[in-house]
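Enquirer: Take this sequence and fold it.
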Amino acid sequence: MELLQEDIQAFEQRFRTTFINSLGGFKSLALIGTINNKGNTNLAAFNSLFHLGATPALLGFVVRPDSVERHTLKNIRQMKVFTVNHVTAAFYENAHQTSARYPAEISEFSGAKLTEAFKPDFAAPFVKESSVQIGVELHEVIDIPVNGTLIVIGKIVSVTLPDHVLGSDGFVDLVRAGSVTCAGLDAYYTAVPLARLSYAKPDSWPKKIE
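Expert: Have a look, this model is predicted:
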């Protein structure tokens, strides 16, 4: 099957959305925790988290157009902080439930039966059930004119994870952490490792890192 641009555009809207969302392959799945200036918390699942750089330590994620009120973005702009929390197989259904459109006064923590965890000197809530918890300060929000989305860029200020997940070379073993990945908007997967490979060089073939 070969599909051209006009074929894709001719798809029924929901079919096209599902198709394009799953076409890019597996994605990072994270729960982003926020709080507003009235103390109301919010939790939302995002599948667009990406690494932006290590010096400084930056990450980003994509927010869809403001066709409806985006509580996550609104809270981040107010408070300038948010949390990124990995999802595990033990609570992936709870994570999915956070995508329901709760009103601002009802926290997704409550709706999805997850637990708020606060840490000293950091306003935004973490997910207690998460094995990897990242505290982030807002750096900037970038408009993407082509489709009205926005990219939120943040600076990592704290990381909490189990000792056995962090390797001697700095590698974070997501399988040991139990982190779940996703495809599209509703498919969830656990990871099965193949191997880590040595740094690629033109004059040698990569070797497996034990």
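Enquirer: Give the partner strands of whatever helix or strand I151 lives in in its sheet and their orientations.
Expert: Following DSSP states H and E, one finds I151 within strand 149-160. Taking DSSP bridges as the criterion, strand 149-160 sits next to strand 57-63 (antiparallel), strand 133-144 (antiparallel) in its sheet.
Enquirer: Tabulate the ones you listed (a markdown table), appending mean neighbour count, mean pLDDT and distance to H96.
Expert: Placement of C-beta: from N, CA and C, glycine included. Listed next are those as a markdown table, based on neighbours: other CB atoms under 10 Å; pLDDT from 0 to 100; distance: least, CB to CB, whole Å:
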| stretch | mean neighbour count | mean pLDDT | distance to H96 |
| --- | --- | --- | --- |
| strand 57-63 | 18 | 96 | 17 |
| strand 133-144 | 17 | 97 | 19 |
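Enquirer: for those strands, which one sits closest to K207?
Expert: Among the strands paired with strand 149-160, strand 57-63 comes nearest to K207, with 28.6 Å by CB to CB.
Enquirer: Check the offset of the closest one from the chain's centre.
Expert: Centre-to-centre, strand 57-63 and its host chain are 9 Å apart (CA atoms, centre = their mean, to the nearest Å).
Enquirer: ditto for stretch 152-163
Expert: Centre-to-centre, stretch 152-163 and its host chain are 12 Å apart (CA atoms, centre = their mean).
Enquirer: Also stretch 178-197?
Expert: On CA atoms, centre = their mean, the centre of stretch 178-197 falls 13 Å from the chain's centre.
Enquirer: got it, and stretch 11-21?
Expert: Using CA atoms, centre = their mean, the offset of stretch 11-21 from its chain centre is 22 Å.
Enquirer: Also stretch 137-149?
Expert: Centroid displacement of stretch 137-149 relative to its chain, using CA atoms, centre = their mean, is 16 Å.
Enquirer: can you pull out the strands in this protein?
Expert: 27-28, 30-35, 41-46, 50-54, 57-63, 81-86, 116-119, 122-127, 133-144, 149-160, 180-183, 187-190, 196-197, 208-209 (DSSP state E).
Enquirer: Looking at those strands, which is nearest to E105?
Expert: strand 41-46 (10.5 Å).
Enquirer: hmm, who's touching that closest one?
Expert: Residues from elsewhere that reach strand 41-46, judged by CB atoms under 8 Å, 6 or more residues apart in numbering: 29-36, 61-62, 71-72, 75, 87, 95-96, 98-99, 104, 107-109, 112, 114, 116, 125, 127.
Enquirer: Just the buried residues of these.
Expert: Neighbour counting with 16 or more other CB atoms under 10 Å marks 29-36, 61-62, 71-72, 75, 87, 95-96, 98, 107-109, 112, 114, 116, 125, 127 as buried within the contacts of strand 41-46.
Enquirer: Understood, closing this out.
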